[in-house]
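Peer 1: what's the 3D shape of this:
(2 chains)
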Amino acid sequence: GAGVSQSPSNKVTEKGKDVELRCDPISGHTALYWYRQSLGQGLEFLIYFQGNSAPDKSGLPSDRFSAERTGGSVSTLTIQRTQQEDSAVYLCASSPRGDRGREEQFFGPGTRLTVL
Amino acid sequence: AQKVTQAQTEISVVEKEDVTLDCVYETRDTTYYLFWYKQPPSGELVFLIRRNSFDEQNEISGRYSWNFQKSTSSFNFTITASQVVDSAVYFCALSIYELTGGGNKLTFGTGTQLKVEL
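Peer 2: Predicted structure coming up:
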């Protein structure tokens, strides 16, 4: 079966531009997560979606970051007015139910964002 | 707040050597889960193991073994007879049991780069 897919795999943008990163979770998985991996900060949680519940946005670093999940499946992470410190690999993961902390997460290959 | 520490930034070994990757965690929660993930050069994180806080049994899977000790808040990972294909970054991670919300946000350590040379 297909794993988690992300697009684009690489994105180069200019400072100040908006970018959209897409994640397709594993079919049937109700929980979806976004993480960011950067040299300075390591792997950080950004946001979490569970079914139709309100997302947990506690990891978003600023109000320039937002995400949505349409139809309980595909998710888009949007970064407005990009800054150079936003350069990182953005990882998406999904899990079957979320299940209160105990589930393994399946990760996608990531989107490498470079802000010039 | 949760914290995971992987003090070893990089380890280099020669093939067939045994190697242990250290992981120390901090949490005030009594119910939590510990994970190890592998990130090979291709970049995709691969799940290796999960342990819950009530199960301190060590686990062995082929050349891999894990030693969970609550008394020292450690969850160490040993690779026996290492191979070149084991070269990767290994991450230890922690999630807590959430009665409401239901998710498992992972708190990751900074990772250990393992290099296995011939």
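Peer 1: Just checking: what are the partner strands of the lowest-mean-pLDDT helix or strand in chain B?
Peer 2: Every helix and strand of chain B was ranked by mean pLDDT, DSSP states H and E. The lowest is strand B:59-61, at a mean of 86. Strand B:59-61 pairs in its sheet with strand B:64-69 (antiparallel), by DSSP bridges.
Peer 1: What lies in contact with the partner strand?
Peer 2: When contacts are defined by CB atoms under 8 Å, 6 or more residues apart in numbering or on different chains, strand B:64-69 is touched by residues B:34, B:36, B:48-49, B:51, B:55-60, B:74-80. Every residue, glycine included, has its C-beta placed from N, CA and C.
Peer 1: pLDDT averaged over it - what is it?
Peer 2: Mean pLDDT, computed over strand B:64-69, is 94.
Peer 1: which parts of that strand are buried?
Peer 2: For strand B:64-69, a neighbour-count test (16 or more other CB atoms under 10 Å in any protein chain shown) marks B:64-68 as buried.
Peer 1: Ok, stretch B:25-34 next?
Peer 2: Those would be B:25, B:27, B:32-34, for stretch B:25-34 by 16+ other CB under 10 Å.
Peer 1: And stretch A:13-20, by the same measure?
Peer 2: Residues A:13, A:19 are the ones in stretch A:13-20 that count as buried (16+ other CB under 10 Å).
Peer 1: Lowest-scoring secondary structure element of chain A by mean pLDDT?
Peer 2: Using mean pLDDT, DSSP H and E, the lowest element in chain A is strand A:42-50, with a mean of 91.
Peer 1: and after it, which helix or strand comes next?
Peer 2: Next along the chain after strand A:42-50, taking DSSP states H and E as the criterion, comes strand A:65-69.
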